[in-house]
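S.K.: Below are the sequence and a predicted model for it; my questions follow.
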Amino acid sequence: KAGVTQTPRYLIKTRGQQVTLSCSPISGHRSVSWYQQTPGQGLQFLFEYFSETQRNKGNFPGRFSGRQFSNSRSEMNVSTLELGDSALYLCASSGGQAGSGNTIYFGEGSWLTVV
Amino acid sequence: QQPVQSPQAVILREGEDAVINCSSSKALYSVHWYRQKHGEAPVFLMILLKGGEQKGHDKISASFNEKKQQSSLYLTASQLSYSGTYFCGTEKQASNTGKLIFGQGTTLQVKP
């Protein structure tokens, strides 16, 4: 069973540009969540999508947005990039169904550098 | 709201044991443990649920003390492959929305 796949793995952008990151969840998983990881702030939750609907959102500005498609694949977008957006962006997938303790699996991440 | 992990870092020799703690000031529903090696994805280790049993596989196990809102990860007879940063992620309720609040991480280095 293939794991969570993220593309691109590495990218460099200039301040003010925008970026789109893509994530394919584990087959059968309908929940996709996104995290930002930086040395200073650690792992921080951005948002989560289930069946094309955003169910939960973290404390990030509106420049960070996402969407989910009918095949559960997800994209996140960051507009008007700032230097502080440089980070590892991790996508995670889980079943997302009601019940006890869905295991959350992470992808390899997309390393974004803003210059 | 962020759980606090202790210690921040630990250095071991192969074969030694280690305990990593994750404490929350809020009541928890679940604690998820991950290990991340530099430049790689966090790898799921185990999940502990409120009211659930202690978990474990191979030489790694974990417990969840609901009274203290603390989870502990036990690494016994450590191997070189155990090196990495360990994170606990917590949920206050059974939302199953993929939202975990992570601790700051504990860096473990196992030396030959």
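M.R.: Okay, I see it.
S.K.: Please count neighbours and contacts with C-alpha atoms only from this point.
M.R.: Will do.
S.K.: And the lowest-mean-pLDDT helix or strand in chain A, what does it pack against?
M.R.: Ranked by mean pLDDT, DSSP states H and E, the weakest helix or strand in chain A is strand A:53-57, scoring a mean of 91. Applying 3 or more Cα pairs under 8 Å, 6 or more residues apart in numbering or on different chains; DSSP states H and E, one finds that strand A:53-57 makes contact with strand A:42-50, strand A:64-68.
S.K.: can you tell if the last one touches chain B?
M.R.: Same thing as strand A:64-68. No: applying Cα under 8 Å from any Cα of the partner chain, one finds strand A:64-68 separated from chain B by no less than 14.1 Å.
S.K.: Now do that strand: everything it contacts.
M.R.: Strand A:64-68 is contacted by residues A:32, A:46-47, A:49-54, A:74-79 when judged by Cα atoms under 8 Å, 6 or more residues apart in numbering or on different chains.
S.K.: Output it as CSV, nothing but the C-alphas.
M.R.: C-alpha atoms of strand A:64-68 as CSV (Å, rounded to 0.1, in the frame of the first residue of the first chain):
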residue,chain,number,x,y,z
PHE,A,64,-2.7,29.9,3.7
SER,A,65,-5.5,28.0,2.0
GLY,A,66,-6.2,24.5,0.8
ARG,A,67,-8.7,22.4,-1.0
GLN,A,68,-9.5,18.7,-1.5
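S.K.: in its sheet, what does it sit against?
M.R.: Applying DSSP bridges, strand A:64-68 is found paired with strand A:74-78 (antiparallel).
S.K.: Not counting its neighbours along the chain, what's nearest residue B:32?
M.R.: With Cα to Cα, 6 or more residues apart in numbering or on different chains as the criterion, residue B:32 has its nearest non-adjacent residue at 4.4 Å, and that residue is residue B:47.
S.K.: same question, residue B:12
M.R.: residue B:110 is the one closest to residue B:12 (Cα to Cα, 6+ apart), at 4.8 Å.
S.K.: which ones are touching the one you found?
M.R.: B:11, B:12, B:13, B:14, B:78, B:79, B:80, B:81, B:82, B:83.
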